[in-house]
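> Let me see the structure of the following:
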Amino acid sequence: MPVPKALAPPGPGPRRRTRRLLARLRRPRPAPVRLSRRAQVSALVEVLDEAVAVQRLADPAVAACGEPGPVSGQAAQDCGRAGSAIHRLRARLRELPLTEADLVEFQEQAGRLLAYDQWMVRQSLNIAFTVHPDARTETARLQINGLGRPADDLRRLRDAVSAEPAGEPAGGPDPDVLGPAEPGLGGAEERVRQGARSSRSARSADRDREDRPEDDPGDDQQAE
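Numbering: from 1, shown residues only. Okay, the predicted model is just below:
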């Protein structure tokens with residue numbers, strides 16, 4: 001005759017498990033630790049430094065999509081890596097536990113600028129590797145010349161945050177950020193043209209400053 005096996009003690013019933021779960025949910029959670037202003041500035045600058053570094057890779061990748069002739073597969077790979085890096089940085093930027101009002105404003109401005117960078121990378125790829133090429137699309141593609149003015153705005157924003165005092169807030173720049181892209185290829189083409197024009201204008205201004213002759217102090221003396 002088989003020996004009966006020892007019966008296992010009965011486990012907690014469904015009602016008991018439910019009560020335990022509700023008890024855990026009712027426990028007060030510890031309040032999040034509020035970072036000092038110095039720590040908040042440091043965290044924001046760290047993300048913005050990485051964003052500027054990613055822009056240095058994304059800008060030539062986007063410009064390569066507008067070069068005459070067939071676009072290389074390397075340009076597509078570079079744009080893909082840059083787009084992924086910008087996407088991760090946007091997530092990190094959103095997760096920063098900032099509480100200072102001016103730093104939150106900086107955070108929002110940086111988020112808009114990074115969103116534009118990501119959009120520009122994606123649209124440059126779409127135009128450069130469109131499955132339905134035509135004369136209008138090719139014209140728009142040849143005007144692609146990098147990320148444009150928003151990239152300069154992000155660098156200036158990083159510099160402004162880096163110069164922020166750790167003890168008291170100060171106002172920052174309010175860059176004129178382009179709004180969301182219009183749907184459809186036509187809107188994408190127009191926004192790419194805007195970015196290309198702003199990029200060329202910024203570079204032209206830099207060249208003008210370099211070529212401008214310095215004032216001769218002798219002229220002032222002669223005038224006197």
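
> where does this structure dip in pLDDT?
Confidence mapping of the chain against pLDDT under 70 gives the ranges 1-14, 27-33, 166-224.

> All the helices of it, residue numbers only.
14-26, 37-64, 73-95, 101-128, 135-142, 149-162, 184-211, 217-223 (DSSP state H).

> got these as a markdown table, with mean neighbour count columns?
(C-beta placed from N, C-alpha, C; glycine too.) A markdown table is the format used below for the helices of the chain (neighbours: other CB atoms under 10 Å):
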| stretch | mean neighbour count |
| --- | --- |
| helix 14-26 | 9 |
| helix 37-64 | 19 |
| helix 73-95 | 16 |
| helix 101-128 | 21 |
| helix 135-142 | 15 |
| helix 149-162 | 19 |
| helix 184-211 | 15 |
| helix 217-223 | 8 |
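
> how far away is T18 from R24?
Distance, T18 to R24, by CB to CB, to the nearest Å: 11 Å.

> G66 contacts I144, correct?
Yes. Contact criterion CB atoms under 8 Å: G66 and I144 qualify, at 3.0 Å.

> Neighbour count: these two, which is higher?
I144 (25 against 20; other CB atoms under 10 Å).

> I'd say that one and A63 touch.
Yes. Using CB under 8 Å, I144 makes contact with A63 at a distance of 6.7 Å.

> quick one, what contacts the spatially closest residue to I127 that is not a sequence neighbour?
Counting by CB to CB, 6 or more residues apart in numbering, I127 lies nearest to R141, which is 4.9 Å off, once chain neighbours are set aside. Going by CB atoms under 8 Å, 6 or more residues apart in numbering, R141 touches C65, G66, V71, I127, A128.

> Report the two of those separated the most.
Farthest-apart pair in those is V71 and I127; separation 9.5 Å (CB to CB).

> okay, and the common contacts of the two?
Residues touching both V71 and I127 by CB under 8 Å, 6+ apart: C65, R141.
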